[in-house]
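In: got a sequence here, can you build the structure:
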Amino acid sequence: MSTTTESPNAYGTTAELAFLKHLGGQLTRKVLLRNYIAAAQRRTVWGQIDKWRVLGYAEQLLAEAESAEQHVARAA
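Out: Below you'll find the predicted structure:
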C-alpha cells in the first residue's frame, strides 16, 4: 500500500476519488465505473495514487449505483 504524502500540486488519491465521485450521469455511471475498474488492471502508472483505496472506492460507488437502480426499478 502506498504511504506517500501528496504534495499540493500532485495529482493523487484525493483527486482520483473526487473524479470517481462525479463520474458520469445517472444513465452512464455504472458503465463508466465498470470500465474504470477493468481498465485499472492494465494501468501501470499510479504515481501518488493509492491504487487499492481508489479501486475499493470505485467498487463501492458501483455497488451504490446498482443498488439505487434496483430500488428505482422496484418502486416503479
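In: and the helices in this structure?
Out: With DSSP state H, the ranges of helices along the chain come out as 13-21, 29-40, 51-75.
In: reformat the ones you listed as TSV; add mean pLDDT and mean neighbour count.
Out: To be clear about C-beta, it is placed using only N, CA and C from the backbone, and glycine gets the same treatment. Below are these laid out as TSV (pLDDT from 0 to 100; neighbours: other CB atoms under 10 Å):
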stretch	mean pLDDT	mean neighbour count
helix 13-21	94	15
helix 29-40	96	15
helix 51-75	87	13
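In: centre-most residue in the protein?
Out: Nearest residue to the geometric centre of the chain (CA atoms, centre = their mean): Ala58, 2.9 Å.
In: distance of that one from Thr14?
Out: 15 Å (CB to CB, to the nearest Å).
In: before we move on, the earlier item: so the residue nearest to the centre of the chain makes contact with Leu17?
Out: No - applying CB atoms under 8 Å, one finds Ala58 not in contact with Leu17, separated by 9.1 Å.
In: so what's in contact with these two at the same time?
Out: Common contacts of Ala58 and Leu17 (CB atoms under 8 Å, 6 or more residues apart in numbering): none found.
In: okay, Leu27: pLDDT?
Out: Listed pLDDT for Leu27 reads 74.
In: how many other residues sit next to it?
Out: Look at Leu27: counted by other CB atoms under 10 Å, it has 7 neighbours.
In: done for today, thanks.
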